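Undergrad: need a structure here:
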Amino acid sequence: MRVIVIPDTQVRAGVPMEHIKAAGKYCVKHQPEKIVMIGDWWDMPSLSRFASNLELEGARIAEDIQAGKDAFNLFLKPIEQYNKRRKKAKKATYKPQIHFCVGNHDPMVRIPRLIDSHPILEGFVKNDCKEWLEQKGVKVHGFLDILNIEDIRFSHYFQNMHSAKKGPLSGNIVTMMKNAGFSFVMGHQQGKKCHSYMLGDGTKRLGACVGSFYQHEETYEGKQGKNNWHGILVMNEVKDGGADLCEVSMEYLLEKYK
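TA: Numbering: from 1, shown residues only. As a prediction, the model looks like this:
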């Protein structure tokens, strides 16, 4: 089995999106059985708790939501075009199983949080993204729900059950794997951390933290923090908690899959 993981895209209006279409073309070329969006597809800056009033100037919830939908349609377009050609030639089409793990930036989290803080807005702020994705055949997994594929757990992030505050797993990837206790793939944290090993009885363990698939700069990362890895993660031979990992960089996608 092949699984392709799409890390956090943090889409908002006005940011470059060529890489998202390139990822769709890559999926058509390599045809993974499953595609996992690891969360924070949307950025939703209009509902950020940390943005200043100046940064929020001009931000609109509806615009933020539409930007994410437009990007998702851009990702699906190469698959739809491929299937249209295949149908015309009376050949088998490509129908991957697409999973969406909701992240903390996504409207499915940020809009309910807004309404909890301001109940007067209930019924006035549209929150249809889950239904919109499901209409496209996407399986949506709620925030911090766990998707299990061949004993590898997928979620936007995993909580550290050994910490008092139950915050996200953090530190180097070996420590994260020890604290998790199972094979996992998560996003949430920018950059890339991957590791795998096998125990004496043949048990496989894998850990991957991939949280950045965007071209724009995030101001909170600072001058040095922005210099991290951006790309998608290809998982080949997915079975029994293990996989062969292939990291595909943003630069490669933009060059080869324009």
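
Undergrad: how about the strands in this protein?
TA: 3-6, 34-37, 97-101, 139-141, 147-149, 152-154, 183-186, 192-198, 204-210, 231-239, 242-249 (DSSP state E).

Undergrad: Pull the number of nearby residues for Asn104.
TA: Per other Cβ atoms under 10 Å, the neighbour tally for Asn104 reads 18. In this view, the C-beta of every residue, glycine as well, is placed from N, C-alpha and C.

Undergrad: pLDDT score for it?
TA: On pLDDT, Asn104 comes in at 96.

Undergrad: Also Phe182?
TA: We have a pLDDT of 97 for Phe182.

Undergrad: Select, out of the strands of the chain, the one closest to Lys166.
TA: strand 183-186 (14.6 Å; Cβ to Cβ).

Undergrad: Residues in contact with that closest one: which ones?
TA: Strand 183-186 is touched from outside by 5, 36, 38, 151-158, 168-169, 177, 204-211, 233, 235, 241-242, with contacts defined as Cβ atoms under 8 Å, 6 or more residues apart in numbering.

Undergrad: cool, and stretch 81-88?
TA: 28, 92-95.

Undergrad: quick one: buried residues of that stretch?
TA: 82-83 (16 or more other Cβ atoms under 10 Å).

Undergrad: likewise stretch 213-228?
TA: 213-214.

Undergrad: That one: end-to-end distance?
TA: 10 Å (Cα to Cα, to the nearest Å).

Undergrad: Any figure for the gap between Arg2 and Gln97?
TA: Noted for Arg2: a distance of 11 Å to Gln97, by Cβ to Cβ, to the nearest Å.

Undergrad: Overlap of the contact sets of those two?
TA: Joint contacts of Arg2 and Gln97 (Cβ under 8 Å, 6+ apart) are 33-34.

Undergrad: More neighbours: which of these two?
TA: Neighbours per residue, other Cβ under 10 Å: of Arg2 and Gln97, the larger number sits with Arg2, 19 against 14.

Undergrad: tell me the contacts of Lys25?
TA: Taking Cβ under 8 Å, 6+ apart, one finds 78, 257 in contact with Lys25.

Undergrad: Leu114 touches Leu121, doesn't it?
TA: Yes: between Leu114 and Leu121 there is a contact under Cβ atoms under 8 Å: 6.5 Å.
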